[in-house]
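*Asks:* curious how this folds, go ahead:
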Amino acid sequence: MYKCGKCNEPIRSNINAVGIQCEKCGSKIFYKERPNVKKVVKAR
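*Replies:* Okay, here's the model as predicted:
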């Protein structure tokens, strides 16, 4: 899932298409949503 960089609107179209824009504001900058997962790493 991707979100627009300006208006935070979720992108519903195919992200792999060339030349996509946000339907709401026309921005071409998108961010991939990451889950909030805490990672624990053991030291050696």
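*Asks:* buried residues, stretch 30-40. List them.
*Replies:* Of the residues in stretch 30-40, Phe30 count as buried by neighbour count, 16 or more other CB atoms under 10 Å. Bear in mind the C-beta positions are built from the backbone N, C-alpha and C, glycine included.
*Asks:* got any ranges where this protein has weak pLDDT?
*Replies:* Judged by pLDDT under 70, the chain has its weakly predicted residues at 15.
*Asks:* quick one, strands of it?
*Replies:* 2-4, 30-32 (DSSP state E).
*Asks:* closest to Val41 out of those?
*Replies:* Comparing the strands of the chain by their distance to Val41 (CB to CB), the top pick is strand 30-32, with 22.4 Å.
*Asks:* run the chain-centre distance for the closest one.
*Replies:* Relative to the centre of its chain, strand 30-32 is centred 2 Å away, using CA atoms, centre = their mean, to the nearest Å.
*Asks:* would you confirm that Ser13 contacts Cys22?
*Replies:* No - Ser13 is beyond contact range of Cys22, at 9.6 Å (criterion: CB atoms under 8 Å).
*Asks:* of these two, who's got more company?
*Replies:* Cys22 (21 against 11; other CB atoms under 10 Å).
*Asks:* list the contacts for the more buried one?
*Replies:* The contact partners of Cys22, by CB atoms under 8 Å, 6 or more residues apart in numbering, come to Cys4, Lys6, Cys7, Glu9, Ile11, Lys28, Phe30.
*Asks:* how about the helices of the protein, start to end?
*Replies:* In the chain, no helices are defined using DSSP state H.
*Asks:* circling back: from the contacts of Cys22, which is closest to Val18?
*Replies:* For the contacts of Cys22, the nearest to Val18 is Lys28 (11.1 Å; CB to CB).
*Asks:* buried sites along stretch 8-19?
*Replies:* Neighbour-count burial for stretch 8-19, with 16+ other CB under 10 Å as criterion, is recorded at Ile11.
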